[in-house]
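Chemist: Dropping a prediction and its sequence here:
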Amino acid sequence: MAHPESDLAVARASVAEGIPLINSSKAMGDSYSGDIFQVLALDADAVLLGRPYLYALAVAGEQGVRELIHNYRAYVELTMGLSGCRSATEMKHNRIISR
């Protein structure tokens, strides 16, 4: 898999201003809160949760989807807190440590 930072930088530079940049969870592999945080911090406007959303729907219907969204939100908020971000506007690429 290519490095998400370089892919998002190319994508952001390629789209006109005002057009939302949306990342697919498939492009990230599995959607974990750290991955979602990373993609948003790298200037994506949104992250799609296709497969996890469908799995939750298949297993538990509408309530499963509600729980999935609730859990992802909680995990992203936890990741934000651990990285020192109090709001989504503070999620910037300098909060990410590359290895």
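Modeler: Structure's in. What do you need?
Chemist: what separates residue 42 from residue 81, distance-wise?
Modeler: When C-beta to C-beta, to the nearest Å is the yardstick, residue 42 and residue 81 sit 19 Å from each other. Using the backbone N, CA and C atoms, a C-beta is placed for each residue, glycine as well.
Chemist: Low-confidence regions, this protein specifically.
Modeler: Along the chain, segments meeting pLDDT under 70 span 1-5, 25-33, 97-99.
Chemist: Kindly indicate whether the residue nearest to residue 88 when sequence neighbours are not counted is helix, strand or coil.
Modeler: Beyond its immediate neighbours in the sequence, the residue positioned closest to residue 88 (C-beta to C-beta, 6 or more residues apart in numbering) is residue 40, lying 7.0 Å away. Assigned with DSSP: H, G, I helix; E, B strand; the rest coil, residue 40 falls in the helix class.
Chemist: From residue 84, how far off is residue 40?
Modeler: Spatial separation of residue 40 from residue 84 under the definition C-beta to C-beta is 15 Å.
Chemist: So between those two, which is more surrounded?
Modeler: Using other C-beta atoms under 10 Å, the more surrounded residue of residue 40 and residue 84 is residue 40, with 21 against 8.
Chemist: So for residue 42 and residue 81, which sits in the more crowded spot?
Modeler: More neighbours surround residue 42 than the other of residue 42 and residue 81, with 21 against 10 (other C-beta under 10 Å).
Chemist: so what's the residue lying closest to the more buried one once chain neighbours are set aside up against?
Modeler: With C-beta to C-beta, 6+ apart as the criterion, residue 42 has its nearest non-adjacent residue at 4.4 Å, and that residue is residue 8. With contacts defined as C-beta atoms under 8 Å, 6 or more residues apart in numbering, the neighbours of residue 8 are 21, 23, 39, 42, 43, 44.
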